[in-house]
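Engineer: Got a predicted structure plus its sequence, pasted below:
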Amino acid sequence: MSTMSGPARPPDAATLAERQAALVRALVTGAAVPAGFDADAVAAAANALLSKRAGEVARRFPLLVHACDGRFTTAFTSWARDNPKTTTAGDAAAFAAAAGIDWSAAPHRGRWRVLLARALDLAVPTSRGLRGALRSRRPRDAPRARR
């Protein structure tokens, strides 16, 4: 007696995981649309994913968008169709290199955060500054309003 319930699967039928992998390949790399899926719907979803990818790069690297003179989304999506996603910073650097834009993907972190933290600490007269008061779980450590 078999412990499996449900109808037996034909030997040539693709497993769910294989069908999902084929759909992801069609969405991300432009591979052929697997049988049983609407080609127009898959193409629309693939275009939406490319637009989302362009939006991620645009939000994180606005200077790159500015360097493209208003044609960033179309230029990036046409480039991205042939280039698989790595990271957002990697996409930005590779796109800039392919487009011939003199641009650095190195994030400029650090100095402004330190200056902002010092300003916040000076703005609130507590022993640990505003950041310490906001992290505190005890109300008595919160900054008090002066009259």
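Structural biologist: Now that the structure is in, tell me what you want to look at. Residues are numbered from 1 along each chain as shown.

Engineer: From now on I want contacts and neighbour counts done on CA atoms only, so please keep to that.
Structural biologist: Noted.

Engineer: ok, now which ones touch residue 101?
Structural biologist: residue 67 (Cα atoms under 8 Å, 6 or more residues apart in numbering).

Engineer: Tell me how far it lies from residue 35.
Structural biologist: 41 Å (Cα to Cα, to the nearest Å).

Engineer: Ok, residue 92 next?
Structural biologist: 34 Å.

Engineer: Neighbour count for the two, which is higher?
Structural biologist: residue 92 (24 against 10; other Cα atoms under 10 Å).

Engineer: Going by secondary structure, the more buried one is in what exactly?
Structural biologist: For residue 92, the host element (DSSP states H and E) is helix 88-99.

Engineer: What residues of that helix count as buried?
Structural biologist: By 16 or more other Cα atoms under 10 Å, the buried positions in helix 88-99 come out as 88, 89, 91, 92, 93, 94, 95, 96.

Engineer: With distance to residue 69 as extra columns, can I get the residues you listed in a markdown table?
Structural biologist: A markdown table is the format used below for the buried residues of helix 88-99 (distance: Cα to Cα, whole Å):
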| residue | distance to residue 69 |
| --- | --- |
| 88 | 20 |
| 89 | 20 |
| 91 | 18 |
| 92 | 16 |
| 93 | 17 |
| 94 | 18 |
| 95 | 15 |
| 96 | 13 |
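
Engineer: from these, which two are the most distant?
Structural biologist: Within those, 88 and 96 form the most distant pair, 12.2 Å apart (Cα to Cα).

Engineer: which neighbours do the two share?
Structural biologist: By Cα under 8 Å, 6+ apart, no residue touches both residue 88 and residue 96.
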